[in-house]
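Q: The following block contains a protein sequence and its predicted model.
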Amino acid sequence: MKLLSTFLLALLPNAAAADTWLGGWRSDLPWDVLDANLSSGASLVDTTPIQYLDECAPEFDKPLDPTWISNPARSNHGMIDQPSGLCMPHFFCAFEDCNPSPDNRTGSDGILVADSVPDTTLYSEMNPTVKAWVDWTENPSYDLPSKVVFPAVASDVVAAIQFAKEHNLEVSVKNSGHSYTKASSKGNTLHINMNRYYQYATNDGVTDCDPNMAELVSRAAGDTDDLSDQPCRLSLAKNKDAVVRVGGGENWDKVYRAVKAANEAQPDGYKYLAVGGAAGTVSPMGWTFSAGLSGTTAGRAFGFGVDQVVQIELVLPNGQHVKFGPTEWEMVEGFDAPQTRSVTGLCNTNPEGTEDAWMWEPCPDDINFDDLWFAVRGGGGGTWGVITSMYLQLHDYMPLERIAIRYNGCVQDQLDETQAKAWNDLAQKFEILFLLDPFTIGVSEARSNACGWPMADTAFSCYGEGAGRYFDAAWKRYLNENRSVLETQGISPAIIDDALNCTTYTIEDAEISDQGALSAQSTTILKFRDYPETATLPPGTAYPGKVVDSPLPGYGPSNYQQQNVLVPKKWILENIDLAVAFAPPNLLGLGLGISGYRAFGGKASNSVSDGSNSLSSAHREAGYMFNYPHWYADDLFSSILPQWFDMSGDSGFPAYLGANHASINTRGPLKDDWSKGCPLDWSKEERDEKCVSLQEAIWGTKVLQRLEEIKLKVDPHFMFNCNGCVGNNLKRGGEDIHDTSAAPVPMVTLVPSFLIATAIGAFSTFVF
């Protein structure tokens, strides 16, 4: 029978199908032992593509209309609590490379498949060929886990990791599955779905830090005992007096509602502000550790997501339950945040007990917590272990004002095409200066940093009383001071005066339903108490009280056609006219349906970094980020990046991509010719062999090499090997795979803006 089984295995299309045919993935293992070691609130379930279709497909048979954002019929809120834990907001990411085709496996094939099924398509009305692939539950391209653990407490995570370690299993981990690279789900893995884990923010709320603890901020690491006071000590050193602990299964919806509840309970008015993502169903873990872009919650004032973390608790691949955070730091001129000098970590020697019985003691093994602190914060989620909780600092409360600025709203019908372009160019230049060089136009740094804009939004989110009016007044002042620029284009002084006198509308105590006013032709300001009020679904909707999902569920990852390129702030300011013509911050002004991601360039730069995180310098020094089509990769690498980054090869390949929203199809250029893009019509294997990896494009050669060295120490057997994550592109054995000997790329002229505009016209839209 063994010989017959071997013969039959050879006939099956892949190992996953073989395992299923013979009775389930790793049916030889004592799964009953793992099940017995789980707590009463945890569960271990068997899953198949049948459950994926039964539980997840019905959500995609609900209509999708992005204009229904305040009352969505289709939402990830309707999938994250499904029994199997398999659902994802990108339906095709149940398949390898997010491509359901059983045969056509190139990047361009996957794009064509996704193009054939627009996100607005109902599942039951899908392209018949594609639907047949999806409905074929033995499709060899299905890439779903067959065993799912739902931990309730830390001991469940420890039990799962120890079981995986004993039986040499790979592990995948998910909160909500928003990863565009499919990092949070993988076939032939023991899958840990954290959605039912204890909810610290929801149940325990916000912690106010005792100001008297500030006297202890320089206390020696050896005196910190169980590190219970470390989050507050570090926050107080940053002049922040509150923190919130977030459980490994909570999403931003739950965190925002917890902070709002704490604000509502304050006798003297709102007190706290949390920096986070725009989408309620996004995980704070994946969002934060990939950088954490916040165009909606004051990220430009307070930093990226990685800058909000003050303590981390996770289960390592060796099964140890640890927590760690900085215990020694110093203030350095030029930085607003204390610079980390030493990180202390402890191991829980009693993870099986209730939390009040946990025993935090020095770790028996040599763990470099300085390295872990660096790697986890910026080095991506899903590859260093399982995050069970983390502490985030909170900021002093500021009200939110959303301003949809209409630069030519009152006069657009009076401008010809040439005049409209000149007006738009002036507005683009104003936005660049307001955000990246505010002093030159009489704007304060604080007012500038208080404003941000996520991609494809319709308005700036500005914090502070009167922030909207301040922005509007700054534009009108700039317009008046530069009216001669427009007059040279034949625009009459009377038209400019009409624009200066154009009425700005303000809606006090706005609600989510008022967001429609932002599409009006006149500048409109909506005043909210906080971000949740802009995005909390009202009574009578499908998910009342929850923070909206964005993007709403679709089929392919939202950016499968493009890569998110970081535009350096220095280059923008030194070449402002060229930036306006080629890479403007607000593409809506070009009549296109998307804009640059403006969560960079303020305090999110180096000033709020603790000096011990793995964000690339390209990320810290970006002015904004915009998406560039894969089809024009040759132009990007030959004409554009050489003007932005060092492409000489002397320091390895430079980082140029943002990690948040990284695309599953993205690679860097050819390894042996950095002026050529990686062909999409190559197979995945050929692209991985011959092209600079996605990881190297995100972190750059030097940072990635350090991250990979840490990965090999923390996870030498690659228990965590998620797609697009650190280590995922390593050869087994850890050999150096980074070729820094590619020929320098010559400096050439930039691609004409009309070509970029044409290319960007096909972009899909999303808000995070």
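A: Nice, thanks for sending it over.

Q: C-alpha only now, for contacts and for neighbours.
A: Will do.

Q: which intervals of the stretch 251-400 of the chain have sub-threshold pLDDT?
A: Across the stretch 251-400 of the chain, no stretch falls below the confidence threshold (pLDDT under 70).

Q: Is the nearest residue to Tyr270 once chain neighbours are set aside inside a helix or a strand, and which specific one?
A: Counting by C-alpha to C-alpha, 6 or more residues apart in numbering, Asn263 is the residue found nearest to Tyr270 once chain neighbours are left out, at 4.6 Å. Here Asn263 is covered by helix 252-264, with elements defined by DSSP states H and E.

Q: could you say what helices and strands that helix packs with?
A: helix 200-204, strand 206-208, strand 272-273, helix 531-535 (3 or more C-alpha pairs under 8 Å, 6 or more residues apart in numbering; DSSP states H and E).

Q: Can I get the first one as CSV, trimmed to CA atoms?
A: Translated: helix 200-204. Provided in CSV are the C-alpha atoms of helix 200-204 (Å, rounded to 0.1, in the frame of the first residue of the first chain):
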residue,chain,number,x,y,z
TYR,A,200,-7.2,44.3,26.4
ALA,A,201,-8.3,47.7,24.9
THR,A,202,-11.9,46.7,24.9
ASN,A,203,-12.0,45.2,28.4
ASP,A,204,-9.3,47.1,30.3
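
Q: That helix packs against which elements?
A: Helix 200-204 makes packing contacts with strand 242-247, helix 252-264 when contacts are defined by 3+ C-alpha pairs under 8 Å, 6+ apart.

Q: which of these sits most buried?
A: strand 242-247 (a mean of 26; mean count of other C-alpha atoms under 10 Å).

Q: Next, the residue most central in space within the chain: phi, psi?
A: Against the mean C-alpha coordinate of the chain, by C-alpha atoms, centre = their mean, the closest residue is Asn660 at 3.4 Å. When quoted as degrees, to the nearest 10, the phi and psi of Asn660 stand at phi -60, psi 130.

Q: again, but for His90
A: Note on His90: backbone dihedrals following degrees, to the nearest 10 are phi -110, psi 100.

Q: got it, and Trp571?
A: Per-residue torsions, Trp571: phi -70, psi -40 (degrees, to the nearest 10).

Q: same question, Pro568
A: Here the main-chain torsion angles of Pro568 (degrees, to the nearest 10) amount to phi -60, psi 140.

Q: May I have the secondary structure class of the nearest residue to Ser513 once chain neighbours are set aside?
A: Leaving aside its chain neighbours, Ser513 sits nearest to Ser70 (6.5 Å; criterion: C-alpha to C-alpha, 6+ apart). For Ser70, the reduced secondary structure class is coil; criterion used: DSSP: H, G, I helix; E, B strand; the rest coil.

Q: Next: Leu426.
A: helix.

Q: circling back to that earlier point, as a markdown table, the helices and strands packed on helix 252-264 with distance to Leu552 would be great.
A: Compiled in a markdown table, those are given as follows (distance: least, C-alpha to C-alpha, whole Å):
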| stretch | distance to Leu552 |
| --- | --- |
| helix 200-204 | 24 |
| strand 206-208 | 29 |
| strand 272-273 | 25 |
| helix 531-535 | 13 |
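
Q: any idea which of the ones you listed scores lowest on pLDDT?
A: If the helices and strands packed on helix 252-264 are sorted by mean pLDDT, helix 531-535 sits at the bottom with a mean of 94.

Q: which ones are touching Ala42?
A: Contacts here follow C-alpha atoms under 8 Å, 6 or more residues apart in numbering; on that basis Ala42 touches 149-153, 156.

Q: In helices only, show me the residues you listed.
A: Judged by DSSP state H, the subset of the contacts of Ala42 located in helices is Asp156.

Q: Now rank the contacts of Ala42 by neighbours and give me the top one.
A: In terms of neighbours by other C-alpha atoms under 10 Å, the contacts of Ala42 top out with Pro151 at 29 neighbours.

Q: can you pull the contacts of it?
A: Contact criterion C-alpha under 8 Å, 6+ apart gives 38, 41-43, 157, 192-194, 196-197 as the residues in contact with Pro151.

Q: ok, now Ala510?
A: For Ala510, the contacting residues are 526-528, 533-534, by C-alpha under 8 Å, 6+ apart.

Q: Give me the local confidence score for Tyr597.
A: The model reports Tyr597 with a pLDDT of 90.

Q: Which phi and psi values does it adopt?
A: Backbone torsions of Tyr597, given as degrees, to the nearest 10, read phi -90, psi 110.

Q: Met455 is in contact with that one, correct?
A: Yes. In this structure, Tyr597 is within contact of Met455 by C-alpha atoms under 8 Å, at 4.5 Å.

Q: Which residues are in contact with each of those two?
A: Common contact partners of Tyr597 and Met455 (C-alpha under 8 Å, 6+ apart): Phe626.

Q: what number of residues lie near Asp634?
A: If we define neighbours as other C-alpha under 10 Å, then Asp634 has 17 of them.

Q: circling back to that earlier point, give the contact list for the residue nearest to Ser513.
A: The contact partners of Ser70, taken as C-alpha under 8 Å, 6+ apart, are 512-513, 535-538, 548.

Q: same thing but at 10 Å, please
A: Taking C-alpha atoms under 10 Å, 6 or more residues apart in numbering as the contact definition, Ser70 lies against 511-516, 534-538, 541, 547-549.

Q: try Ala375
A: Under the criterion of C-alpha under 10 Å, 6+ apart, the neighbours of Ala375 are 289, 369, 381, 383-384, 612-615, 703-704, 706-708, 710-711, 726.

Q: please redo it, this time with the cut-off set to 8 Å
A: The neighbours of Ala375, taking C-alpha under 8 Å, 6+ apart as the test, are 613-614, 707, 710.
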